[in-house]
Every structure is written in structure tokens, then in C-alpha cells.
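In: A predicted structure for the sequence below; I have some questions about it.
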Amino acid sequence: MRFLIDECLSLDLVSIAIEAGHEAHHVAHVGKAGWKDWNVAHYARKRDFIVVTNNGVDFRKLYATEPIHAGLIILVPSAGRKVQKELFVGALDYLAKSGEPVNRVLEVDLEGDSVTFNLYDLPAA
């Protein structure tokens, strides 16, 4: 899988994805720091990247009108680097079992000490 990590998230997520055997880039490292969300979404869609963000509100709206996209991962809580890493590792494990999230959103959250997952179609089927 190929991931584009939004600039609101830690650079550490790139190395986590690469160590798991995936391609990953951070928005800041591809020269797109400061871009508006719609620019990031367009860049990702054109290159078949799964966007990883914690800005679910904006990206859900952007992806809801797209007929096809590689997928969207939303790390729900706005959290520090340690929790972001834990959530992303959980997301990678989940996707290893469920497959690529084409036209889907994977929301990753915390419920107490447990990582929870909600996978759904977007746009709605």
C-alpha cells in the first residue's frame, strides 16, 4: 500500500509504514507543506495514495464526491506522537487483514486503552 501522511501528523508514521513494507511519504517531504486539504486530496488521488490524517471533517467531505480513491485513514483523537504511532500501527495491522481500503474510510480511535476501528464506504454504496 502507498500512504501520504498529512502534515498534522508525526513524521514518524512514514518510517512505521516503510518498516511494515509499504511506501509512505509525509506531505512536508513531498514539498506540499501548507497546502490546503483539497490540494492534498487531489495530489493523493492522482497518485493512488491512501491519505492518513486526523482531519476527518474536511477529508470526508472531499472524498464523498469522488467516484474512486485509494482510501482514507482517520486517526480520530487529536493526540501526541506516541498515540499517533499506536493508532497507525493498529491501522496497518487491521488493513493487513481486511485488504486495501479502496473507496473506504478507516477511522481509528481509542476506547479506554483499546484501539477501535470503523471501516465504511465513501462515497456511500
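Out: Happy to help now that I have it. As the structure is a computational prediction, the values presented were derived from the model and not from experiment.
In: use CA for all of it now, contacts and neighbours both
Out: OK.
In: For the residue nearest to Lys85 when sequence neighbours are not counted, which three-state class applies?
Out: Using Cα to Cα, 6 or more residues apart in numbering and skipping the chain neighbours, the partner closest in space to Lys85 is Leu13 (6.3 Å). Each residue gets one of three states, and Leu13 gets helix by DSSP: H, G, I helix; E, B strand; the rest coil.
In: Per-residue pLDDT of Leu13, please?
Out: Leu13 is assigned a pLDDT of 98 by the prediction.
In: ditto for His29
Out: Looking at His29, the pLDDT reads 86.
In: Alpha carbons of the helix or strand hosting Asp109, in CSV - could you do that?
Out: Per DSSP states H and E, Asp109 falls inside strand 104-111. Backbone C-alpha positions of strand 104-111 (Å, rounded to 0.1, in the frame of the first residue of the first chain) are rendered in CSV as follows:
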residue,chain,number,x,y,z
ARG,A,104,-13.4,3.3,2.0
VAL,A,105,-12.5,5.1,5.2
LEU,A,106,-10.9,3.5,8.2
GLU,A,107,-11.5,5.5,11.4
VAL,A,108,-9.1,4.5,14.2
ASP,A,109,-9.9,5.6,17.7
LEU,A,110,-9.2,4.9,21.3
GLU,A,111,-11.8,3.5,23.7
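In: And the contacts of it?
Out: 70-77, 87-88, 90-91, 115-123 (Cα atoms under 8 Å, 6 or more residues apart in numbering).
In: 6 Å instead, please
Out: 71-76, 115-122 (Cα atoms under 6 Å, 6 or more residues apart in numbering).
In: Look up how far Gly112 lies from Val52.
Out: 22 Å (Cα to Cα, to the nearest Å).
In: So which of the two has more stuff around it?
Out: Val52 (27 against 7; other Cα atoms under 10 Å).
In: okay, the more buried one: pLDDT?
Out: 98.
In: swap in Glu66?
Out: 89.
In: residues contacting the residue nearest the centre of the chain?
Out: Residue closest to the mean C-alpha point of the chain, counted by Cα atoms, centre = their mean, is Val52 at 1.8 Å. Going by Cα under 6 Å, 6+ apart, Val52 touches Ile5, Asp6, Ile73, Ile74.
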